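In: when you get a sec, could you give me coordinates for this:
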Amino acid sequence: MGSKLSSPNPSPPDTSGLTTTKFIVGMTCSGCSGAVTRILKKFPGVESVEASVADKTVFVKSRGVESEVMLESLMKWSESSGKNVEMPETQ
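Out: Numbers count the residues shown, from 1 in each chain. As a prediction, this is how the structure comes out:
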């Protein structure tokens, strides 16, 4: 009989080298947050995107992605959408 080997304590995800970048985005609806999420998830190395319409914040966890490059993409979206985008100095 074959037996399944499973670890009782699975390894936690590798978070080494992971950085969190915060953006302030003038999102007003789920359409805005969805667009921002889609734009940011296109970058290789982006692990997760958490967008809050209520707080107008977006937190991106990534590995090896320059925050300025993500900001540039969000600024292009802001030009067409009319929404404000900024990246706070202190993160």
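
In: strands along this protein, start to end?
Out: With strands called from DSSP state E, the chain shows them at 19-25, 46-52, 57-62, 85-86.

In: deepest of those, which one?
Out: By mean neighbour count, with neighbours taken as mean count of other CB atoms under 10 Å, strand 57-62 ranks first of those at a mean of 19. Where C-beta positions appear, they are placed from N, C-alpha and C, glycine not excepted.

In: partners of that strand, with directions?
Out: Paired with strand 57-62 in the same sheet, following DSSP bridges, are strand 19-25 (antiparallel), strand 46-52 (antiparallel).

In: in a markdown table: those, plus distance to Ser67.
Out: Below are the strands paired with strand 57-62 laid out as a markdown table (distance: least, CB to CB, whole Å):
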| stretch | distance to Ser67 |
| --- | --- |
| strand 19-25 | 4 |
| strand 46-52 | 11 |
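
In: for the strands of the chain, which one sits closest to Trp77?
Out: strand 85-86 (7.4 Å; CB to CB).
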